[in-house]
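Engineer: After the sequence you'll find the predicted model.
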Amino acid sequence: MVLLDTVFAFLYQLGDAFAFLVLAACGLAVVFGMMGVINLAHGEFIMCGAYVTVATTRAGLPLPLGILAGALVAGAIGMVLERLVIRHLYGRPLDTIVATWGVSLAATQGTLIVLGSSMPGVGTPLGSFTLGSYSYSTYRVVLMLAALAVLAGLYLAFNATRFGTLARATIQVPHMAEALGVDTRKVYALTFGIGAALAGLTGGLYAPTMTIVPTMGTTFIMEAFVTVVVGGADIFLGTAPAALVLGAVRAGLTSWQGQLFGQIGLLVAVILVIRVLPRGISGLILRERA
């Protein structure tokens, strides 16, 4: 019985870490993996989603609708940012780093000045359940299911819809797509907006579990980047396996020696994977297929 409790506790921690890495990385994977834009303001889109979710929920909106509102607001802001800033910097990765870093600083400090150092939260819903001698949050299970749903939705959106075909064509061969009549500016704006909306969705989903502060995006940004880098260029092949591998390392070391050791182990695992697989996990999968 003790062994079963320990195994379930590890699997629960693995699922929790997997969900966190997938949800944190999906929006960045779309923007970075598909568009080549290094978006250092990704954490601030997550923060935006969390703030909107908490504000609308406290105003009387049900939590699921509040989360949806957070995603939509973040997506709309992302499309505006793409139109005003990012659109003029395609093909200039160093410039996008500086620009989005500036946006990140402005968003964090602006939120701090306007809304203060923190916002009252909404509390974690759904309570908990007990298995053996351990108690587990039911809402964390919802986050695991949400991560799987986001992965499935992204795959279908970019592989089974007309927009997905146009997006992949525009990003791979933009000049040919434009010559064939595709409105590439609209496709770029929508793709960046989807990435921002996914970040806002992540913020909304995790808002009930976290302290709402202007710097909360930094909690996600490091894990998001390392998951995308380990996953490689193909976001549909790489993100989920990368999150699973890194989640297993983090969950195992956390259960053994604590959260700090798990975080250190995560970074060491990233260094080793990049050293052995410079093209990421998706590069290995594509090489095996070839």
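Structural biologist: Received it, and whenever you're ready, just let me know what you need.

Engineer: Run through the strands of this structure in chain order.
Structural biologist: Ranges of strands within the chain are 128-131, 134-137, based on DSSP state E.

Engineer: Check which helices and strands the last one sits against.
Structural biologist: Other elements packing on strand 134-137 under the criterion 3 or more Cβ pairs under 8 Å, 6 or more residues apart in numbering; DSSP states H and E are helix 2-28, strand 128-131. In short, each C-beta sits where N, CA and C put it, glycine included.

Engineer: which of those is buried the deepest?
Structural biologist: When you average the neighbours per residue for each of the helices and strands packed on strand 134-137 (mean count of other Cβ atoms under 10 Å), helix 2-28 leads with a mean of 21.

Engineer: ok, and what's touching the one helix or strand in the chain whose mean pLDDT sits lowest?
Structural biologist: Lowest mean confidence among the helices and strands of the chain (mean pLDDT, DSSP states H and E): helix 280-289, at a mean of 76. Contacts with helix 280-289, where a contact means Cβ atoms under 8 Å, 6 or more residues apart in numbering, come from 229-235, 237-238, 241-242, 245, 273-274, 277, 279.

Engineer: what do you get for stretch 34-42?
Structural biologist: Contacts with stretch 34-42, where a contact means Cβ under 8 Å, 6+ apart, come from 27-28, 31-32, 81, 86, 89-91, 93, 96-97, 100-101, 103-104, 107, 158, 167-168, 171, 188, 191-192, 195, 199, 217, 220-221, 224, 235.

Engineer: Provide a list of residue ranges in the stretch 151-290 of the chain with pLDDT below threshold.
Structural biologist: Scanning the stretch 151-290 of the chain for pLDDT under 70 picks out the ranges 288-290.

Engineer: all helices for it, in order.
Structural biologist: Assigned by DSSP state H, counting those that start in this stretch, the helices in the stretch 151-290 of the chain fall at 162-172, 174-179, 184-206, 218-231, 235-257, 259-276, 280-289.

Engineer: what angle separates the third one from helix 2-28?
Structural biologist: Between the axes of helix 184-206 and helix 2-28, defined by axes from the mean of the first three to the mean of the last three Cα atoms, to 10 degrees, the angle is 150 degrees.

Engineer: ok, now the last one?
Structural biologist: Helix 280-289 runs at 90 degrees relative to helix 2-28, counting by the same axes, to 10 degrees.

Engineer: Name the residues of helix 280-289 that are buried.
Structural biologist: 280-286 (16 or more other Cβ atoms under 10 Å).

Engineer: what's the spacing between the residue lying closest to residue 83 once chain neighbours are set aside and residue 68?
Structural biologist: Excluding the flanking residues, the one nearest residue 83 by Cβ to Cβ, 6 or more residues apart in numbering is residue 189, at 6.1 Å. Distance from residue 189 to residue 68, counting by Cβ to Cβ, to the nearest Å: 20 Å.
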